[in-house]
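Trainee: This is a predicted model, with the sequence first.
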Amino acid sequence: MTTQPVRVRIAPSPTGYFHLGGARTALYNFLFARHNGGRFILRIEDTDRTRYHPEAISDLLESLRWLGLWWDEGPEIGGEYGPYYQSDRLPLYQEYAAKLVQEGHAYRCYCSPERLASLRAEQRGQDGTAGYDRHCRFLTSKQIADYEARGIRPVIRLAVPLEGTTTFTDALRGDIVVQNSQLDDLVLLKSDGFPTYHLGVVVDDHLMAISHVIRGEEWLSSSPKHVLLYQALGWEMPVHAHLPVILDPSGKGKLSKRKKKDADGQEQLTYIHEFREEGYLPEAMVNFLALVGWSLDAEHEFFGRDELIRSFDLSRVSKSPGALSYDKLEFMNAAYIRSLGKNDLASRLLPVLKAEGIDADIDSVLAFVPHIQERLKVLTDARDWIDFAYVDEIHYDPTELLQKKLTPAQASALLSETAAAIEALPVFEEGEIEATLRALVEASGLKAREYFGSIRVAVTGKAVAPPLFGSLAILGRERSVSRLRRAVSLLQTLS
RNA sequence: GCCGCAUUCGUCUAGUGGCCUAGGACACCUCCCUCUCAAGGAGGAGAUCAAGGGUUCGACUCCCUUAUGCGGUACCA
């Protein structure tokens, strides 16, 4: 029990876009490494050429960087334990597989996929153990020669002990014991010379001096197989900790990588890049993700990255699976948006607005920020709040101008009054505008909500918009006046 | 089917034998503030701690059984 340097890794396989589950695992590994002054390593497990998806790697790298989870060794930066792509390490796996065969811990299997499939079909519904029937485990040398002569390319399987038990200690769940009879002779090396996940992780985790394997619970059942492999290879096994699975918001089933609709028919986001595009802040994502399966205590729930690093501890990771709460994420994102400095928010908003088709300039966005900051759940919400200021003409139903019980006559009177008052203003500035309009409300005998409601529609085209006086100031005197006048003429057509 | 893991308000959780007539957060409801919408403030409703057995003076906390959920059972990871 020496103080081995902490080295953890995430080992995604490039088969699809980087999603919430992968990000959570990455975060915990990252936090664990940083907390312990260790290293965080990124290794790409690209051993399945049939499911290989090239964009997955750039998506992964981009997503990790966006979340601020920088790695110490891995793609693009290298490191002393490389290469970090498994497809560049093939000879290594082949070498260890051969060694295992030589020492009697593994054997060549010539069974065809068809035979394996029918074997499985046969076993289905039957009670007792499943898995490979070990047909090739006890082949005579003559039989082997025969298969070889027919040019069949074998796989290499681990020769699992027929009796006894295998035990390992999960850092979260304690000792886990399984009967060896429940384990089947898993494939280590495929017939194409690529390793399976099992051989790949064990060899690489050992060669890369990984001290702690922190991964999803879906790997828990294969850990005993890995124990056997470590034993066969004569290696010491790293500490293992299996994180609880993340459930679908419905609470049923593992979070799907596929698109799902929620109760409102809204598509649920699952890929990290989608959250980025939707306008979630990386700091909110990190905070939220940290809480999916981990908590410090009863009261704290807002954690900056540094606080997370300081307080993260494996012992406080939950053992039971949890459903994601998109509501909570939105709440948290809104809170983070509110906590941003004005300039910071404005500069984050600018590219988002551009992407949403609004050609805004930084000054006007900055002017809007104080008015919309506390109204945004996600950055992309900004578009609907301020787009009225970036179009030449606004469209709305003229009856909307008749807020509450206003008559067309009342409405047009108040709108032209307002236009005139605004035009006469010596300085066109928020405070002045407010003072003037409030005086008009007073004089009109109308309620503020009726009066301002009507003006809001005239000027923004919406019943819900940022605070009126600020909006008018940003819109500018000319456009404000012309929109008010246009509203008056629209009211004409109504009667 | 078999194996494994889990099980506290709708959801995320606090809780490590007495502090619990179970605390917090999201969501929900009411009220206040208010130019709309938010934000903010004050309240409210919501959990016989999956069920049943033990152990103990005492169990949400320990043990067993059952149920349910999830995961695994591939030349996928």
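Mentor: Right, received. Where do you want to start?

Trainee: For residue A:314, list the residues it contacts.
Mentor: Contact analysis of residue A:314 by Cβ atoms under 8 Å, 6 or more residues apart in numbering lists A:32, A:171, A:172, A:214, A:241. In this view, the C-beta of every residue, glycine as well, is placed from N, C-alpha and C.

Trainee: repeat that with 7 Å
Mentor: A:32, A:171, A:172, A:241 (Cβ atoms under 7 Å, 6 or more residues apart in numbering).

Trainee: How about residue A:305?
Mentor: A:68, A:283, A:286 are the contacts of residue A:305 under Cβ under 7 Å, 6+ apart.

Trainee: the strands in the stretch 301-450 of chain A, which residues?
Mentor: Applying DSSP state E, counting those that start in this stretch to the stretch 301-450 of chain A gives strands spanning A:322-323.

Trainee: and it, which of its residues are near RNA strand B?
Mentor: Contacts of the stretch 301-450 of chain A with RNA strand B, taken as Cβ under 7 Å from any atom of the strand, map to A:301, A:316, A:318-323, A:325, A:327-328, A:330-331, A:334-335, A:338, A:374-375, A:434, A:448-449.

Trainee: packing partners for the helix or strand of chain A with the lowest mean pLDDT?
Mentor: Lowest mean confidence among the helices and strands of chain A (mean pLDDT, DSSP states H and E): strand A:322-323, at a mean of 80. For strand A:322-323, the elements it packs on are strand A:246-247, judged by 3 or more Cβ pairs under 7 Å, 6 or more residues apart in numbering; DSSP states H and E.

Trainee: For whichever helix or strand comes after the strand it packs on, which outside residues touch it?
Mentor: Following strand A:246-247 in sequence order, the next helix or strand is helix A:272-278 (DSSP states H and E). Residues outside helix A:272-278 that contact it (Cβ under 7 Å, 6+ apart) are A:17, A:18, A:19, A:23, A:59, A:63, A:66, A:269, A:285, A:378, A:380.

Trainee: Out of these, list just those in helices.
Mentor: Here DSSP state H is the test, and the contacts of helix A:272-278 give A:23, A:59, A:63, A:66, A:285 as lying in helices.

Trainee: Tell me how far the closest residue to residue A:103 other than its chain neighbours lies from RNA strand B.
Mentor: Spatial nearest neighbour of residue A:103, chain neighbours left out: residue A:232 (7.5 Å); criterion: Cβ to Cβ, 6 or more residues apart in numbering. Per Cβ to the nearest atom of the strand, to the nearest Å, residue A:232 is found 18 Å from RNA strand B.

Trainee: Tell me which residues touch the closest residue to residue A:51 other than its chain neighbours, please.
Mentor: In space, residue A:51 comes closest to residue A:15 once its chain neighbours are excluded; the distance is 4.3 Å by Cβ to Cβ, 6+ apart. Taking Cβ under 7 Å, 6+ apart as the contact definition, residue A:15 lies against A:48, A:51, A:52, A:53, A:56.

Trainee: Quick one: low-confidence residue ranges for the stretch 201-350 of chain A.
Mentor: For the stretch 201-350 of chain A, the stretches with pLDDT under 70 are A:250-267.

Trainee: burial measure for residue A:300, as a count.
Mentor: Residue A:300 has 11 neighbours, counted by other Cβ atoms under 10 Å.

Trainee: Mark which of the residues of the stretch 301-450 of chain A next to RNA strand B are buried, thanks.
Mentor: A:321, A:334, A:375, A:434 (16 or more other Cβ atoms under 10 Å).

Trainee: ok, for the third one, nearest residue in space, not its chain neighbours?
Mentor: When you say that, I think you mean residue A:375. Here the residue nearest residue A:375, using Cβ to Cβ, 6+ apart, is residue A:385, at 6.4 Å.

Trainee: show me what contacts that neighbour?
Mentor: A:372, A:375, A:465, A:466 are the contacts of residue A:385 under Cβ under 7 Å, 6+ apart.

Trainee: 8 Å - rerun?
Mentor: Taking Cβ under 8 Å, 6+ apart, we find residue A:385 in contact with A:368, A:372, A:375, A:376, A:465, A:466.

Trainee: What is the neighbour count of the first one?
Mentor: For residue A:368, the count of nearby residues is 23 (other Cβ under 10 Å).

Trainee: gap between it and residue A:350?
Mentor: Distance, residue A:368 to residue A:350, by Cβ to Cβ, to the nearest Å: 11 Å.

Trainee: circling back to that earlier point, narrow the contacts of residue A:314 to those in strands?
Mentor: Judged by DSSP state E, strands contain the following of these: residue A:241.

Trainee: from the contacts of residue A:314, which single one is nearest residue A:107?
Mentor: residue A:241 (32.0 Å; Cβ to Cβ).

Trainee: And stretch A:270-282, end to end?
Mentor: The separation between the terminal residues of stretch A:270-282, taken as Cα to Cα, to the nearest Å, is 15 Å.

Trainee: and if you look at stretch A:133-149?
Mentor: One end of stretch A:133-149 sits 23 Å from the other (Cα to Cα).

Trainee: Dump the contacts of residue A:385 into JSON lines; add pLDDT as well.
Mentor: Below are the contacts of residue A:385 laid out as JSON lines (pLDDT from 0 to 100):
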{"residue": "A:368", "pLDDT": "96"}
{"residue": "A:372", "pLDDT": "96"}
{"residue": "A:375", "pLDDT": "96"}
{"residue": "A:376", "pLDDT": "96"}
{"residue": "A:465", "pLDDT": "96"}
{"residue": "A:466", "pLDDT": "96"}
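
Trainee: And the furthest pair within the residues you listed?
Mentor: Taking Cβ to Cβ, the two most distant members of these are A:376 and A:465; they sit 13.7 Å apart.
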